[in-house]
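> Structure of the sequence below:
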Amino acid sequence: MPIPPAIQALTGITDAMVRDAPAVRRAIADEVAARTAGALFVAHNARFDYGFLKHAFARLDRCVHRARAVHGQAVAAAVSRRRRGTTSIA
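Below you'll find the model as predicted:
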């Protein structure tokens, strides 16, 4: 599946860069599932990244654990506020 031009422009990741990347295999999916069970999913664009993970798992007829996804910028803002003493991360 080609990377859309808009995503290539946004991320700088091209089709050529990922051409030889391994597909998500069952063993990798098992490892990811074990490491993320009950975890908080934090990423720069968490909704997109979590959707990508769900799609990869679906291709293997598996379901990724339902995780709470948080945008990394939101975490950084919460930590910053906590350091200033204005609110908690919860």
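
> residues contacting Thr14?
Ile3, Gln8 (CB atoms under 8 Å, 6 or more residues apart in numbering). All C-beta atoms are positioned from the backbone trio N, CA, C, and that covers glycine.

> so what's the backbone phi/psi at it?
As for Thr14, its main-chain torsions (degrees, to the nearest 10) stand at phi -110, psi 170.

> cool, Phe41 as well?
The phi/psi pair for Phe41 (degrees, to the nearest 10) reads phi -90, psi 110.

> Around it, count how many other residues there are.
17 (other CB atoms under 10 Å).

> where's it relative to Arg19, distance?
27 Å (CB to CB, to the nearest Å).

> Distance of the most centrally placed residue in the chain relative to Ser80?
Here the mean C-alpha position of the chain is nearest to the C-alpha of Asp49 (CA atoms, centre = their mean), at a distance of 3.2 Å. For Asp49, the distance to Ser80 equals 22 Å [CB to CB].

> repeat for Arg35
27 Å.

> more crowded one of the two?
Legend: neighbour count by other CB under 10 Å for Arg35 and Ser80, higher for Ser80 (11 against 8).

> My reading is that that one lies in a strand. Confirm?
No - counting by DSSP: H, G, I helix; E, B strand; the rest coil, one finds Ser80 to be helix, located in no strand.

> Before we move on, what's the pLDDT of it?
If you check Ser80, the pLDDT there is 75.

> How about Ala76?
69.

> Check Arg19 too.
On the pLDDT scale, Arg19 is placed at 89.

> and what of Ala43?
The model's pLDDT for Ala43 equals 74.

> Next, it: phi, psi?
When read as degrees, to the nearest 10, the backbone of Ala43 gives phi -150, psi 160.

> Alright, calling it a day.
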